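Trainee: give me coordinates for this.
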Amino acid sequence: MKPSGSLVGRYESAFDEFALGVLDIGTSISPSRILLVLLFFLPFLDFTGDEPIDLAKHILFRTLAVGLLTYSIVVVAIKGGRRFPALSLGLPLTAYAATAFLSVASAVLNSRIAGNRAFLALATLPMLISFLYVTPYWVNTRQMVLKGVRVLLLSVLTAGLIGLAEIALHFLLPAQIPIRVSSVFHDPNIFSRFLATGIFFAGALLLFNVHDVFPRKALWLILSVSFVCLFFTLSRSGTGTVLVGVVLLALLAKRRKLALFLALLVPILGMLALAFLIYARQFGNNAFIEPSNINRIQLIIAGLDMIRQHWLLGIGYTNYSYVFVQSYFNSTMAVSLVNYEMLGYQTSIHNWLIEVWAEQGIFGVVGFVWFFGSLFRRLRAARARSVDKTLQAILAGYTLMFFAFLFHGFFYHTFISQFFFWVNAGFATAAITAANRENS
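Mentor: Take a look at the predicted model:
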């Protein structure tokens with residue numbers, strides 16, 4: 001029998017616990033375990049553009065969201081269970097959701113959104129938000145919060161090991177496997193954001209000297225695998241997110257000398273990384289101007305034009321791609337959607353600020369900023385009051401996770417309408433709730 005404190009022993013123990021959770025789903029309703037299993041498999045449920053497979057994933061996400069919410073309501077209303085936790089995020093969250101509904105209503109009245117898209121948007125939003133209430137209801141103890149972080153890091157490590165296998169195959173079969181590593185994700189940039197999350201959590205646990213989530217050796221393993229994979233994603237947005245994030249991490253851990261050292265080192269590393277990425281992604285392919293850069297510029301110009309025309313109420317929540325295709329392909333760009341996508345171009349904007357403003361108007365931007373501001377304040381307040389180093393480290397990890405969403409989202413696809421974001425936001429809310437309960 002392996003010692004429980006060893007790297008292998010702790011990894012096997014966590015994996016056994018996870019496996020039992022998977023098996024238990026088939027025999028009884030256990031919402032907390034369903035949430036943990038969902039958290040682990042989120043990277044594997046990334047949307048790929050394959051319509052039949054993506055449709056199945058959409059159905060799965062919505063079935064889980066509705067099922068968990070319905071079961072939770074039944075427990076609360078009929079069985080006399082605990083009430084849903086009161087969230088101070090309630091008002092800003094309601095304001096943000098209201099702007100989404102208002103923008104869709106305006107788009108429907110002005111024929112700027114297809115009926116099925118309007119229905120899907122309005123039906124999905126409550127499902128997304130439900131995770132902020134359902135997750136802290138079932139993940140309601142310190143130990144369960146630790147399990148959530150453990151499962152998240154196991155998910156990062158698993159995706160990272162698959163990424164390492166992809167790297168190995170590249171060197172064995174260089175003509176067959178592309179150099180940019182994406183692991184289980186459809187895009188290397190999304191993989192890089194996920195790796196950044198793992199780096200921030202593992203780094204926080206190390207800097208806060210916490211050992212009851214994973215032992216130090218396991219955390220160093222996660223960091224090593226994540227950094228190697230990040231290097232081979234060749235992601236500019238992911239690399240920039242990590243470089244800035246490690247400085248913030250040192251500040252959150254109150255390592256001022258380390259933060260100062262990193263602040264001085266990051267610009268140098270940033271320039272070296274940028275030079276390498278320019279060489280690897282552009283000069284290496286004999287292309288000075290990379291097509292993805294042109295794609296980003298096209299999307300941003302279109303988004304700014306939408307803001308100019310519909311700055312007050314927007315074009316409708318999650319409606320950017322539809323309007324972009326309908327308004328710009330046949331007129332402004334004079335190109336077919338098929339040819340555009342065959343060139344590898346995308347129709348989703350790479351900037352959350354422009355997308356939120358274009359889709360939900362100025363009120364949507366205010367609601368969005370209010371929601372995130374409240375979320376960061378809650379994380380900071382819970383961390384400041386807590387005397388539990390483990391919870392402090394976990395709250396710091398979630399703070400940097402949301403930083404990664406926002407910073408990375410300035411340069412890549414938005415995240416606010418994705419189940420991936422809201423499931424993780426639910427676990428972050430559970431951590432805040434558990435920390436506040438410990439301090440009361």
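Trainee: check contacts around L313.
Mentor: With contacts taken as Cβ atoms under 8 Å, 6 or more residues apart in numbering, L313 has the following neighbours: L102, S103, S106, Q360, G361, F363. Where you see a C-beta, it was placed from the backbone N, CA and C, and this is true even at glycine.
Trainee: I should have written T99 there, sorry.
Mentor: Neighbour list for T99: G314, Q360, G361, F363, G364, V366, G367 [criterion: Cβ under 8 Å, 6+ apart].
Trainee: how about a cut-off of 6 Å?
Mentor: By Cβ atoms under 6 Å, 6 or more residues apart in numbering, the contact list for T99 reads Q360, F363, G364, G367.
Trainee: give me the element it is part of.
Mentor: Per DSSP states H and E: T99 is located in helix 90-109.
Trainee: then V366?
Mentor: helix 352-385.
Trainee: quick check, distance from that helix to the centre of its chain.
Mentor: Helix 352-385 has its average C-alpha position 15 Å from the chain's average C-alpha position, going by Cα atoms, centre = their mean, to the nearest Å.
Trainee: S130 against L68, yeah?
Mentor: No - between S130 and L68 there is no contact under Cβ atoms under 6 Å: 7.3 Å.
Trainee: what residue ranges in the stretch 201-350 of the chain are flagged as low confidence?
Mentor: 281-289, 329-344 (pLDDT under 70).
Trainee: tell me the angle the helix or strand following the helix holding V366 makes with helix 352-385.
Mentor: Taking DSSP H and E as the definition, the helix or strand that follows helix 352-385 towards the C-terminus is helix 389-408. Here helix 389-408 runs at an angle of 170 degrees relative to helix 352-385 (axes from the mean of the first three to the mean of the last three Cα atoms, to 10 degrees).
Trainee: please identify the buried residues of the helix or strand just after helix 389-408?
Mentor: Along the chain past helix 389-408, the next helix or strand (assigned with DSSP H and E) turns out to be helix 419-439. Neighbour-count burial for helix 419-439 flags 419-436, 438 (criterion: 16 or more other Cβ atoms under 10 Å).
Trainee: kindly report the same for stretch 311-321.
Mentor: Neighbour counts over stretch 311-321 (16+ other Cβ under 10 Å) mark L313, G314, I315, G316, Y317, T318, N319, Y320 as buried.
Trainee: could you dump the residues you listed to JSON lines with secondary structure?
Mentor: Below are the buried residues of stretch 311-321 laid out as JSON lines (DSSP: H, G, I helix; E, B strand; the rest coil):
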{"residue": "L313", "secondary structure": "coil"}
{"residue": "G314", "secondary structure": "coil"}
{"residue": "I315", "secondary structure": "coil"}
{"residue": "G316", "secondary structure": "coil"}
{"residue": "Y317", "secondary structure": "coil"}
{"residue": "T318", "secondary structure": "coil"}
{"residue": "N319", "secondary structure": "coil"}
{"residue": "Y320", "secondary structure": "helix"}
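Trainee: I'd like the residues you listed as JSON lines, with distance to L260 appended.
Mentor: Supplementary listing: these in JSON lines, determined by distance: Cβ to Cβ, whole Å:
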{"residue": "L313", "distance to L260": "46"}
{"residue": "G314", "distance to L260": "42"}
{"residue": "I315", "distance to L260": "45"}
{"residue": "G316", "distance to L260": "46"}
{"residue": "Y317", "distance to L260": "42"}
{"residue": "T318", "distance to L260": "42"}
{"residue": "N319", "distance to L260": "45"}
{"residue": "Y320", "distance to L260": "41"}
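Trainee: which one of the residues you listed is nearest I300?
Mentor: Distance ranking of the buried residues of stretch 311-321 against I300, using Cβ to Cβ, places Y320 first at 11.3 Å.
Trainee: would you map the helices across the stretch 151-300 of the chain?
Mentor: 188-207, 216-233, 236-252, 256-281, 291-309 (DSSP state H, counting those that start in this stretch).
Trainee: any idea which of the ones you listed is most buried?
Mentor: For the helices of the stretch 151-300 of the chain, ranked by mean neighbour count under the definition mean count of other Cβ atoms under 10 Å, the leader is helix 188-207 at a mean of 26.
Trainee: return the distance of it from the chain's centre.
Mentor: On Cα atoms, centre = their mean, the centre of helix 188-207 falls 11 Å from that of its chain.
Trainee: residues in contact with that helix?
Mentor: Helix 188-207 is touched from outside by 43, 153, 156, 180, 182-183, 185, 213, 219, 222-223, 226, 229-230, 233, 235, 237-238, 241-242, 245, 249, 253, 393, 396-397, 400-401, 404, 408, 412, with contacts defined as Cβ under 6 Å, 6+ apart.
Trainee: go through the buried residues of stretch 311-321 and say which is closest to A56.
Mentor: Closest to A56 out of those is T318 (19.7 Å), distances taken as Cβ to Cβ.
Trainee: and the closest one, what is it in contact with?
Mentor: Residues near T318 by Cβ under 6 Å, 6+ apart: A121, S417.
Trainee: quick one: it and A107, what's the gap?
Mentor: 10 Å (Cβ to Cβ, to the nearest Å).
Trainee: same question for P136.
Mentor: Summarising the geometry, the distance separating P136 from A107, computed by Cβ to Cβ, is 33 Å.
Trainee: check T233 too.
Mentor: From T233 across to A107, the span is 36 Å (Cβ to Cβ).
Trainee: contact partners for L128?
Mentor: For L128, the residues meeting the contact criterion (Cβ under 6 Å, 6+ apart) are W422.
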